[in-house]
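K.L.:
return a 3D structure for these sequence lines:
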Amino acid sequence: MKPGPQNLITDVAGLHVGNAQDDRIKSGVTVLTADAPFTASVAVHGGAPGTRETDLLSPDKSAPGVDALVLSGGSAFGLAAAQGVMDALHAQGRGFPVFSARVPIVPAAIIFDLLNGGDKAWGDNPYPALGARALTDASGDFALGSVGAGTGAQTAQHKGGLGSASLVLDDGTTVGALVAVNPMGSVTTPSGRHFWAAPFELDAEYGALGPDPAPSIHLPHSRKVPAMAQQGNTTIAIVATDACLDKAQCHRMAVAAHDGLARAILPAHSPMDGDLVFAAATGARELIDPHTQLAMIGHAASLCLSRAIARAVWEATPAPGDTLPTLRSELGL
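P.N.:
Here you go, the predicted structure:
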């Protein structure tokens, strides 16, 4: 396995990602869409999720696919971003036909970023407009770090952010991950200078800091606002592939990808986190050996997600009013 040409989820042909943010409120939206509707499912392992339309993604539900997936800041306010995306898709003539109507299907998940130093005293909810802007911005190339849904994200010790990574398997299948990293836990070891995901790094994609030379099972002390650590956090992600997967197989891919989340964030899946992974499949490549290939796709998804989480923190940039430092600033880089 090796990273795709861009080391982004958009190495999966046909996928596009767009970001929009408001630096005053320190929050934003990230949208993944595609040239055509795609198969999707979800696995929720955190104790405090915030979601929209995720029931439709269960293998026993009738929705055949989705038009877009939304990752948003704003806690429950951010779920309105999906409405902005849905309205914009409808204006483009996108959506599933229901007799004479067309209905875009846009599942969404949110992170809690209401206590990050941004001005949250808005009048009208800003997230529908941010969602529409993110959809307009969607392309094959996009920024990482303090952008989109990762704009105001935080970890236990440092600013979080938006991350992505990809892998091309030996059989030619492409797998990618996209993640907004805002956990209760830490992405770095107790020293604050090494990633838990260090063993999975490729091509110095998150600084080549290496494993911590003083391994420890102890968790780093959290520097987050105490109320935030108690009320809500969450890491939300999308893993995607060009393989032809049905909804049940997508669900299995999402479950496997959670292993990557747990390898990169300690602790993960807490009662205060809404940790969630969407899985998407464009269906461009037929499976020849479904059981073996699905196992490898899930493994690759977990590796991509671990790497994407570390990349999110590595690419974060400082901004006025931040309540936590970036990792690079603490390392003097």
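K.L.:
if I look at Met86, how far off is Gly161?
P.N.:
26 Å (Cβ to Cβ, to the nearest Å). No exception for glycine: its C-beta is placed from N, CA and C like everyone else's.
K.L.:
more neighbours: the two, which one.
P.N.:
Neighbour count, other Cβ atoms under 10 Å: between Met86 and Gly161, Gly161 has more, with 33 against 26.
K.L.:
now do the contacts for that one.
P.N.:
Contacts for Gly161 (Cβ atoms under 8 Å, 6 or more residues apart in numbering) come out as Leu144, Gly145, Ser146, Val147, Gly150, Ala153, Ala180, Val181, Ala312, Val313, Glu315, Ala316.
K.L.:
scan the residues you listed and report the most crowded one.
P.N.:
The most crowded member of those, judged by other Cβ under 10 Å, is Ala153 (35 neighbours).
K.L.:
follow-up on the earlier one: keep only those of the contacts of Gly161 that are in strands.
P.N.:
Using DSSP state E, Ala180, Val181 are the members of the contacts of Gly161 that sit in strands.
K.L.:
so which of the contacts of Gly161 belong to helices?
P.N.:
Here DSSP state H is the test, and the contacts of Gly161 give Ala312, Val313 as lying in helices.
K.L.:
max pairwise distance over the contacts of Gly161: which two?
P.N.:
Largest separation among the contacts of Gly161 by Cβ to Cβ: Val147 and Val313, giving 13.4 Å.
K.L.:
tell me which element Gly18 falls in.
P.N.:
Taking DSSP states H and E as the definition, Gly18 sits inside strand 15-22.
K.L.:
after that strand, heading C-terminal, what element do we hit next?
P.N.:
Strand 15-22 is succeeded, C-terminally, by strand 27-44 (DSSP H and E).
K.L.:
quick check: buried residues in that next one?
P.N.:
27-34, 37-44 (16 or more other Cβ atoms under 10 Å).
K.L.:
partner strands of that strand, parallel or antiparallel?
P.N.:
strand 15-22 (antiparallel), strand 66-72 (antiparallel), strand 276-285 (antiparallel) (DSSP bridges).
K.L.:
got these as a markdown table, with mean neighbour count, mean pLDDT and distance to Gly332 columns?
P.N.:
As requested, the strands paired with strand 27-44 are arranged in a markdown table below (neighbours: other Cβ atoms under 10 Å; pLDDT from 0 to 100; distance: least, Cβ to Cβ, whole Å):
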| stretch | mean neighbour count | mean pLDDT | distance to Gly332 |
| --- | --- | --- | --- |
| strand 15-22 | 23 | 98 | 27 |
| strand 66-72 | 29 | 98 | 31 |
| strand 276-285 | 24 | 97 | 34 |
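K.L.:
all helices of the protein, in order?
P.N.:
With DSSP H as the criterion, the chain has helices at 81-91, 127-137, 226-231, 247-264, 290-314, 327-331.
K.L.:
where does the closest residue in space to Ser270 that isn't next to it in sequence land on pLDDT?
P.N.:
Distances taken as Cβ to Cβ, 6 or more residues apart in numbering put Met184 closest to Ser270, at 5.2 Å, once the chain neighbours are dropped. In the prediction, the pLDDT value recorded for Met184 is 92.
K.L.:
these two touch, right, Met184 and Pro267?
P.N.:
Yes: the pair formed by Met184 and Pro267 meets the contact definition of Cβ atoms under 8 Å, at 7.2 Å.
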